[in-house]
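A.B. asks: need a structure here:
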Amino acid sequence: MNSLAQLLSIVWILAFMSPLFAIVCTTIFYARYCRMRPESERRITGGAYSVVLLLCAVVVYPFGIKLGINWACPSAGNLCGLAGFFVVGPLVSALAIVLVGGLITSWGSDWKPFR
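C.D. replies: This next block holds a predicted model:
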C-alpha cells in the first residue's frame with residue numbers, strides 16, 4: 001500500500017470522526033460554561049446552544065462541499081464529488097461547531113442572553 005493510499009484512508013477516518021470530536025468538545029465547553037455561570041438566568045440554555053451550533057453546521061456544510069469538489073475534481077476523476085460530501089463537508093462543519101461553541105461559551109461574565 002503506497003503512502004498516498006494510506007494518507008487517503010487516514011483522511012477518511014478523520015472526516016468520519018470529526019463530528020464526534022466536535023460533539024465531545026462542545027459538551028466540554030458547555031459544562032465549563034455552566035460551571036463559570038452557576039446562575040441559570042445568566043447563561044444560555046442547552047437547547048438554544050444546541051440549535052445555534054446545529055444551524056452553524058448546516059450553513060457551513062454546503063461551503064465545505066463546494067470547497068471539496070473544487071479541490072478534488074481537477075485530479076480525482078468521475079467520483080470527485082465524494083470528497084466534498086464525505087471528507088471536506090464534515091470537516092468544515094465540525095470546525096464550525098467547535099469554533100462557534102468555543103466563542104459562545106467564552107464570552108465575558110457580564111453578558112446576559114436574550115430571553
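
A.B. asks: Name the residues of the least confident helix or strand in the chain by mean pLDDT that are buried.
C.D. replies: When the helices and strands of the chain are scored by mean pLDDT, DSSP states H and E, helix 81-83 comes last with a mean of 81. If you call a residue buried by 16 or more other CB atoms under 10 Å, then helix 81-83 has these buried ones: Ala83. No exception for glycine: its C-beta is placed from N, CA and C like everyone else's.

A.B. asks: what's the answer for stretch 55-62, then?
C.D. replies: So stretch 55-62, judged by 16+ other CB under 10 Å, has buried residues 56-57, 60-61.

A.B. asks: From Trp12, how far out is Trp71?
C.D. replies: 15 Å (CB to CB, to the nearest Å).

A.B. asks: Check which helices and strands the least confident helix or strand of the chain is in contact with.
C.D. replies: In terms of contacts (3 or more CB pairs under 8 Å, 6 or more residues apart in numbering; DSSP states H and E), helix 81-83 is packed against helix 46-72.

A.B. asks: chain center to the helix it packs on, what's the gap?
C.D. replies: 7 Å (CA atoms, centre = their mean, to the nearest Å).

A.B. asks: So which residue is dead centre in the protein?
C.D. replies: Ala94 (1.7 Å; CA atoms, centre = their mean).
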